[in-house]
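**Q** the following comprises the amino acid sequence and a computationally predicted model.
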Amino acid sequence: YNRFFGDETVFQLNLKDDGVFSITELEYKHNNSSYFLGGCAHYGQFDERPEKMRGSVWGYAMQSVASKVHLIGAYSHCFSNDVNCFDFVGLGAQMHLGKTELGLFTDYARFSCGEEFATELTCQFSCGEHCKLQPTMHYVLNDDVNRLIGLLRVMISL
């Protein structure tokens, strides 16, 4: 859908065409560490593929190793063989330095069209009470792409 109003509005509910999607995630916090376990299920058509149930599970952890340093681990798996991404695994670290957060994350994903490795280096800092800036460098390597990509996120809270 590509319009706000009319027959192709993004706000319509069409179970026959869109199917039903359900998502759940649990979080456990302990001693400045966080652990997540989640899953999702979709029943319906996907692109031109037949109508059926597709499901995925994931888990990730932010393990505190010092008062301002976390190690990050993530894994997800899709149980259907007709999706775009089957597996994802990633490792990283996050560090707080005053009002600045530094992060490094590298991952591997197995897609229907091949495999991909990616690494992201990011920094987030406050520039006032209501604004944060997050410059990021993202390196992507797969069969078709070998690129370094720059990104600047601007987050405004009111």
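**A** The structure has been received and is ready for your questions.
**Q** name the next helix or strand downstream of the longest strand seen in the chain, please.
**A** Across the chain, the strand with the greatest residue count (assigned by DSSP state E) is strand 49-66. Sequence-wise, the next helix or strand downstream of strand 49-66 (DSSP states H and E) is strand 69-78.
**Q** how close does Gly6 sit to Gln12?
**A** 10 Å (C-beta to C-beta, to the nearest Å). For the C-beta atoms, the positions are set from N, CA and C on the backbone; glycine is no exception.
**Q** more crowded one of the two?
**A** Higher neighbour count among Gly6 and Gln12: Gln12, with 11 against 8, using other C-beta atoms under 10 Å.
**Q** now do the helices in this protein.
**A** 15-18 (DSSP state H).
**Q** can you pull out the strands in it?
**A** Under DSSP E, the chain gives strands at 20-30, 33-46, 49-66, 69-78, 85-97, 100-111, 114-126, 131-142, 146-156.
**Q** next, count neighbours for the residue nearest to Phe125 when sequence neighbours are not counted.
**A** Closest residue to Phe125 apart from its sequence neighbours, by C-beta to C-beta, 6 or more residues apart in numbering: Thr100 at 4.4 Å. Other residues lying near Thr100 total 11 when counted by other C-beta under 10 Å.
**Q** give the contact list for Thr100.
**A** For Thr100, the contact set (C-beta atoms under 8 Å, 6 or more residues apart in numbering) comprises 123-126.
**Q** ok, now Lys99?
**A** So, once contact is read as C-beta under 8 Å, 6+ apart, Lys99 ends up touching 125-126.
**Q** and the gap between it and Cys85?
**A** Distance of Lys99 to Cys85, computed by C-beta to C-beta: 35 Å.
**Q** next one: Lys132
**A** To Cys85, Lys132 is 29 Å away according to C-beta to C-beta.
**Q** same question for Ile156.
**A** Per C-beta to C-beta, Ile156 is found 31 Å from Cys85.
**Q** output the below-cut-off pLDDT ranges for the protein.
**A** Counting by pLDDT under 70, the ranges of the chain that qualify are 1-2, 14-17, 46-50.
**Q** sounds good, over and out.
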